[in-house]
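[1] Give me coordinates for this.
(chains A and B)
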Amino acid sequence: GESVGLHLPTLSVQEGDNSIINCAYSNSASDYFIWYKQESGKGPQFIIDIRSNMDKRQGQRVTVLLNKTVKHLSLQIAATQPGDSAVYFCAERDSNYQLIWGAGTKLIIKP
Amino acid sequence: DSGVTQTPKHLITATGQRVTLRCSPRSGDLSVYWYQQSLDQGLQFLIQYYNGEERAKGNILERFSAQQFPDLHSELNLSSLELGDSALYFCASSVGATGNTEAFFGQGTRLTVV
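    Below you'll find the predicted structure:
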């Protein structure tokens, strides 16, 4: 849905702890999902993707979980580091092959 | 460095004016996407071009237009600018046309309308 006028949700995590960022997607027909990271002053950067025929995919220090039953996507970051501070966006690919972007979650790392 | 180049990085202009934002995609990428990002908000998809042709349209105002040239660089034209058009404008590129491949983003152009 639209997020015009809303502030970004924020997640504060202690350095070294695991972070879990959640995303609810809207279209049950979406078949591909991506997580992007946007650091301050930079463009979004690809982190990890997952197709709808999977429910889990692991990368380096990151894991994406997909629950199609409840249309929920999560990004888990292990052993969070100061460099993980950023805004994280999920995106779903709809039946027109366009990416629909979520509103983003701001991750703050506490020292 | 993503390989996507956007110019200018910053632009300040007055209401009612027209500006052109430029994007050079990564070498070999045929798709170019334009996005608008207002302060502390998500990305709003504006338009996509693939190999010179318009591929998809999002929430792009009629005052805005874009094109992709034979050398695959793209320009986004914003006219009759309003204060609310102040935002970061990102260009992204990808190899394919269907959004199933990783898109690489430029650093963005920060437009301020005063």
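[2] What is the burial count for residue 106?
    Picking chain A for this. Neighbours of residue A:106 under the rule other CB atoms under 10 Å in any protein chain shown: 18. From N, CA and C alone the C-beta is placed, and that goes for glycine too.
[3] Switch to chain B, please.
    Neighbours of residue B:106 using other CB under 10 Å come to 27.
[4] ok, now residue B:25?
    Quick note: residue B:25 (other CB under 10 Å) scores 28 neighbours.
[5] just residue A:79 next, same as before
    Around residue A:79 there are 11 residues (other CB under 10 Å).
[6] for chain B, what are the nearby residues on chain A?
    Contact residues (CB under 8 Å from any CB of the partner chain) of chain A with chain B: A:3-4, A:6-8, A:32, A:34, A:41-46, A:49, A:89, A:93, A:96-104.
[7] What about those, which are in strands?
    Those of the residues of chain A next to chain B mapping onto strands are A:32, A:34, A:45-46, A:49, A:89, A:93, A:99-101, per DSSP state E.
[8] The residue located most distally from the centre of chain A and chain B, how far apart?
    Note on chain A: the largest C-alpha distance from the chain mean falls to residue A:111, namely 22.4 Å (CA atoms, centre = their mean). Residue A:111 is 23 Å from chain B, where distance means CB to the nearest CB, to the nearest Å.
[9] Test my guess that that residue contacts residue A:17.
    No: in this structure residue A:111 lies outside contact range of residue A:17 using CB atoms under 8 Å: 11.9 Å.
[10] thinking again about what came up before, buried among the residues of chain A next to chain B? Make that a ChimeraX selection.
    The buried subset of the residues of chain A next to chain B, as determined by 16 or more other CB atoms under 10 Å in any protein chain shown, is captured in ChimeraX by this line:
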select /A:3,8,32,34,43,44,46,49,89,93,97,98,99,100,101,102,103,104
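[11] what residues are up against residue 51?
    All of this is about chain A. A:31-33 (CB atoms under 8 Å, 6 or more residues apart in numbering or on different chains).
[12] please go with chain B instead
    Residue B:51 neighbours (CB under 8 Å, 6+ apart): B:30-31, B:68, B:72, B:97.
[13] Which of these fall within strands?
    Going by DSSP E, the strands hold B:31, B:68 from the contacts of residue B:51.
[14] returning to that earlier point: contact partners for the residue lying closest to the residue farthest from the centre of chain A once chain neighbours are set aside?
    Nearest non-adjacent residue to residue A:111, counting by CB to CB, 6 or more residues apart in numbering or on different chains: residue A:15, 5.6 Å away. By CB under 8 Å, 6+ apart, the residues touching residue A:15 are A:80-82, A:109-111.
[15] from these, which would you call buried?
    A:80, A:109.
[16] Give the bridge partners for whichever residue of chain B sits closest to chain A, please.
    At 3.2 Å from chain A, residue B:105 is the closest residue in chain B, using CB to the nearest CB. Beta bridges link residue B:105 to residue B:92, judged by DSSP bridges.
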